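*Asks:* need the 3D shape of this:
(chains A, B and C)
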Amino acid sequence: MMMQHLPILQVILPLLAAPFAALASRRHWAWHLTLVATAGAFAISLLLLATILRTGTPIIYDLGGWPAPIGIVYVIDSASAFVLPVVSGIGFIATLAARHLVIAEIDARDHPLFFAAWLLTLAGMLGQVTTGDAFNIFVFLEISSLSGYALVAMGAGRDRRALPAAFNYLILGTVGATFYVIGLGLLYMLTGTLNLADLSVRLADVENLRPAYVALAFIALGLFLKMALFPLHLWLAPAYSHAPSAVTALMAATATKVSVYVLIRILFGVFGFEFPYMTQAVGGLLLTLGLLGAFVGTFAAIVETDLKRLFAQSSIAQLGYMAIGLGIMTSAGIAASFIHLFNHALMKGALFLALGVIAAQTTHLSLHTIKGAGRQIPMTMTAILLGGLALIGVPLTAGFISKLYLIRALIDSGLWAIAAVTFVSSALALVYVWKIVEHAWFTERPENAPVLTETPGQWAQAWILVLATIGFGIYAGPLVEAAFGAAQVFGPDIIQATQTIEGLQIIEGLEGQE
Amino acid sequence: MSEIAAHWNYYLVIILMMLGFYAVIARGNMVKKMVGLNIFQTSVFMLYISVGKINGGTAPILTGDPASVYSNPLPHVLILTAIVVGVATTAVGYALIIRIYESYGTIEDDELAVLIDSDEDACERANTEPA
Amino acid sequence: MQDDPVIRVVTKVLIPAIMLFALYVQFHGDYGPGGGFQAGVIFAAALVLNAVVFGLHRARQVWPMRYNLMGVSAGVLLYGGTGVWSMLAGANYLDYFALKADPKAAQHLGILLVEFGVGLTVASVMVALFFAFAGRLTHIRLVAKTAAHEAADTEASRAGDTA
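*Replies:* Residues are numbered from 1 along each chain as shown, chains lettered A, B, ... in the order given. Alright, predicted model coming up:
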């Protein structure tokens, strides 16, 4: 009986667990409750994905029994069912790790409120993915962002720079969200509806009116800010580097990805490929900014010595690749973005959880801190190494699959130059990963440096994600298929089907080589 | 001219929007930034509300009279939600400002940047020459 | 302000009236203009007025800080719980028709519960915000005052040195 309610349970389970967590009188209860709620959300998202993969028809849930377009509907289709397990799965694993990270980094009195904000962030992100109503997206966006600002600011107990970082994040995040609302207001004026599916139908009648172009510009700009696309990325690095480690892992792996998903949903689900200016202006902008972001992020990571900030800068580069995938304006490109969205969530989750093990023991987390740490904490450092290799896109890691499909999509659209430049910029990631290897394994640990320790309970969560990264790198078939299915929601072109088959053949070929 | 007069609400909204946005970007004082942000958000609220207004329309309460003209209530409801979001944002923003003032002793962007830089330098030193 | 008898007496008369008006706006919301958001803010205004006139300390005795967290959580749970109730009754989330057999009474009950949840949360959040910020204000003043005193002391000692 509850099966039909899965779309709403996906959102309200973490949402309603939050007040209970806030009221928890013992700090462990808050964590246990959060663990149960996130595990439940993960299970629900897997059930939804399984249902969608089996039936292929979208699940539509009318809130309050009011059908669309009058009521708010929650829509689970191939695209949202693909993103939901990413968000809830990372949420679940980050919660597992949060136990030791939060005890190490957050004042015990604040634990109930910390986990309440944690659950609200998660509920907000799941809501953005689930909902089929454009204004509802804004509300969930703000729920996840506001609790996100609070979570980042909780890093102030150890590092007061978390406060200005959270403030700047708040200002830019709110400007981004307000831009989105302005665009939405213009769309509402033109069409009189807020339902995403209804919007796309009605927009076809008015797509040559200037307010529609302005609406597109405002919405795209607002979401670029939220997904930290170059040059609107300046809030990201300070916020991620000064936030508590658990928060960094959760947000780096999911927050910007959900914004990418919303961008895909609005650009291609509402405006569509046929919309005037879409291919030239928006596509060109995404390609240009994505490429610039990939280079700027990679170079910033190369010169960075603070480890958290290094990987935050590399996130900007990785978001650039997702933007390039969208900028191609084909289904194959969108599918490449979906694949990278999934893989990057795994890699960054693993990296930041592994960094958390070290961050919990030292005040400053920089290259000097990990000098010679390869022998002291081998499991943690190996997790970081494998995560870094996946970022470069080394074969047999999930990162390779992302880059493969991205470059293939570029070549299929005749964008050879961009494909070459993308290849070069991802190869440059080798430089910053090598820096870490050099410091961790080929440098003697200074004698007066504190001894780092690790226990299986600390590195296990990062290793779950690392193993998933390798697993999806070797056996990527189902992932690729699901991503192309997700992209199919938005694009009508047929090439994708053949590409999926070719892609699977490539994967099988790789497997055969072993 | 009549074009402008007919769409005066949009011009008002645009002026207000730009005023608020300018304050967010150009002011170095964090409280002024928040004030600018609030003005910016309010202009969006007014955009929605003015769109929902119908000349001669009343409050949308069911009276049973089919000829009664009423304003579109949906933008009002949306903006009620947006106002609540705005209040929450403002509260979080000011809470952060207070905490920043308590730990840095300033809420001016440029002074804060100097202090943050010195924090970074302290980190750097602690790393290169571990105690 | 605590010394002014006029303000004290007027406030004492006004506070119950404000609270009553808040309840009117709250429970009239399903028939006419009103609802949880407005009622919650009006209700919180009564407590804020109390704090402004009689001091934060007195207001916190009337309404301790822990009430806020409880109020916020209870409001959210009431809202969400109404939805869960309609789900358990076999309909979609927040489908009020499932709550009672009579559709009109069901809609009435549903919106009443949801709006009460909203009102409770909004009132608690508003009071919590005021208490949090006003509490910090005295703290900040204290910090600023000690800083000013220290500055004055060093000035004075410096003046003493030069003399």
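*Asks:* residues near A:H5, how many?
*Replies:* Close neighbours of A:H5, defined as other C-beta atoms under 10 Å in any protein chain shown, add up to 18. (C-beta placed from N, C-alpha, C; glycine too.)
*Asks:* likewise for A:A312?
*Replies:* Around A:A312 there are 27 residues (other C-beta under 10 Å).
*Asks:* and the gap between it and A:V36?
*Replies:* 31 Å (C-beta to C-beta, to the nearest Å).
*Asks:* OK, contacts around the residue sitting nearest the centre point of chain A?
*Replies:* In chain A, the centroid-proximal residue (C-alpha atoms, centre = their mean) is A:K257; its distance is 2.7 Å. Residues in contact with A:K257 (C-beta atoms under 8 Å, 6 or more residues apart in numbering or on different chains) are A:83, A:86-87, A:341, A:344-345.
*Asks:* so C:G36 touches C:E115, yeah?
*Replies:* Yes. Assessed by C-beta atoms under 8 Å, C:G36 is found in contact with C:E115 at 4.1 Å.
*Asks:* got any residues that touch both of these two?
*Replies:* With C-beta under 8 Å, 6+ apart, C:G36 and C:E115 have common neighbours C:26, C:29.
*Asks:* just say helix, strand or coil for the residue in the stretch 351-500 of chain A that chain B sits nearest to.
*Replies:* Closest residue of the stretch 351-500 of chain A to chain B, C-beta to the nearest C-beta: A:H368 (4.1 Å). State at A:H368, reduced to three classes by DSSP: H, G, I helix; E, B strand; the rest coil: coil.
*Asks:* quick check: it vs A:I436, distance?
*Replies:* Counting by C-beta to C-beta, the gap from A:H368 to A:I436 is 12 Å.
*Asks:* ok, A:I474 next?
*Replies:* 24 Å.
*Asks:* which bits of the stretch 51-200 of chain A sit near chain C?
*Replies:* A:61-65 (C-beta under 8 Å from any C-beta of the partner chain).
*Asks:* report how many residues lie close to residue 34.
*Replies:* Answering for chain A, as no chain was given. 30.
*Asks:* chain B, not that one
*Replies:* Neighbour number of B:M34 under other C-beta under 10 Å is 24.
*Asks:* and the helix or strand harbouring it, what does it pack against?
*Replies:* If you go by DSSP states H and E, B:M34 is part of helix B:30-52. Here helix B:30-52 touches helix A:162-191, helix B:8-26, helix B:73-104, going by 3 or more C-beta pairs under 8 Å, 6 or more residues apart in numbering or on different chains; DSSP states H and E.
*Asks:* just say which of those is most tucked in.
*Replies:* Among these, helix A:162-191 has the highest mean neighbour count (mean count of other C-beta atoms under 10 Å in any protein chain shown), at a mean of 24.
*Asks:* and it, how far out from the chain middle?
*Replies:* Taking the mean of its C-alpha atoms, helix A:162-191 sits 19 Å from the chain's own mean (C-alpha atoms, centre = their mean, to the nearest Å).
*Asks:* quick one: is it near chain B?
*Replies:* Yes. Counting by C-beta under 8 Å from any C-beta, chain B is contacted by helix A:162-191 at A:163-164, A:166-167, A:170-171, A:174-175, A:178, A:181-182, A:185, A:188-189.
*Asks:* would CSV of those residues with pLDDT and distance to B:T42 be doable?
*Replies:* Converted to CSV, these look like this (pLDDT from 0 to 100; distance: C-beta to C-beta, whole Å):
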residue, pLDDT, distance to B:T42
A:L163, 91, 26
A:P164, 91, 25
A:A166, 92, 23
A:F167, 92, 20
A:L170, 94, 17
A:I171, 93, 16
A:T174, 93, 13
A:V175, 93, 14
A:T178, 94, 10
A:V181, 94, 12
A:I182, 93, 12
A:G185, 91, 13
A:Y188, 91, 18
A:M189, 88, 18
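*Asks:* tell me the contacts of residue 107?
*Replies:* All of this is about chain A. A:G157.
*Asks:* switch to chain B, please.
*Replies:* B:I107 sits in contact with B:29-31, B:97, B:100-101, where contact means C-beta under 8 Å, 6+ apart.
*Asks:* before we move on, back to that, from the residues of the stretch 51-200 of chain A next to chain C, which would you call buried?
*Replies:* A:61-64 (16 or more other C-beta atoms under 10 Å in any protein chain shown).
*Asks:* between those, which is nearest A:V129?
*Replies:* A:Y61 (13.4 Å; C-beta to C-beta).
*Asks:* quick one, what contacts the closest one?
*Replies:* Counted by C-beta under 8 Å, 6+ apart, A:Y61 has contacts A:4-5, A:7-8, A:73-76, C:92-93.
*Asks:* hmm, try it at 6 Å
*Replies:* A:7-8, A:74 (C-beta atoms under 6 Å, 6 or more residues apart in numbering or on different chains).
*Asks:* what does the helix-or-strand element of chain B with minimal mean pLDDT contact?
*Replies:* Among the helices and strands of chain B, helix B:2-6 carries the lowest confidence by mean pLDDT, DSSP states H and E, at a mean of 77. Around helix B:2-6, nothing counts as a contact under C-beta under 6 Å, 6+ apart.
*Asks:* mind exporting it as CSV, just the C-alpha atoms?
*Replies:* Output of helix B:2-6 as CSV, limited to C-alpha atoms (Å, rounded to 0.1, in the frame of the first residue of the first chain):
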residue,chain,number,x,y,z
SER,B,2,1.5,55.9,-22.7
GLU,B,3,3.5,52.6,-23.1
ILE,B,4,5.5,53.7,-20.1
ALA,B,5,2.5,54.8,-18.1
ALA,B,6,0.7,51.6,-18.7
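*Asks:* what helix or strand is the residue of chain A most remote from its centre on?
*Replies:* Here chain A reaches farthest from its C-alpha mean at A:E447, the gap being 39.4 Å by C-alpha atoms, centre = their mean. For A:E447, there is no helix or strand it lies in under DSSP H and E.
*Asks:* now the one 3 residues further on
*Replies:* Secondary structure from DSSP H and E places A:P450 outside every helix and strand.
*Asks:* show the pLDDT at the residue lying closest to it once chain neighbours are set aside.
*Replies:* Take A:P450 and drop its neighbours on the chain: the residue closest to it by C-beta to C-beta, 6 or more residues apart in numbering or on different chains is A:T362, 6.7 Å away. We have a pLDDT of 80 for A:T362.
*Asks:* again with B:I79
*Replies:* pLDDT, B:I79: 91.
*Asks:* so how far is A:Y180 from it?
*Replies:* 15 Å.
*Asks:* got it, and B:S2?
*Replies:* When B:S2 is compared with A:Y180 (using C-beta to C-beta), they lie 33 Å apart.
*Asks:* equivalent analysis for A:L236, please.
*Replies:* For A:L236, the distance to A:Y180 - C-beta to C-beta - is 18 Å.
*Asks:* check for me that A:T363 belongs to a helix.
*Replies:* No. According to three-state DSSP, A:T363 belongs to no helix; its state is coil.
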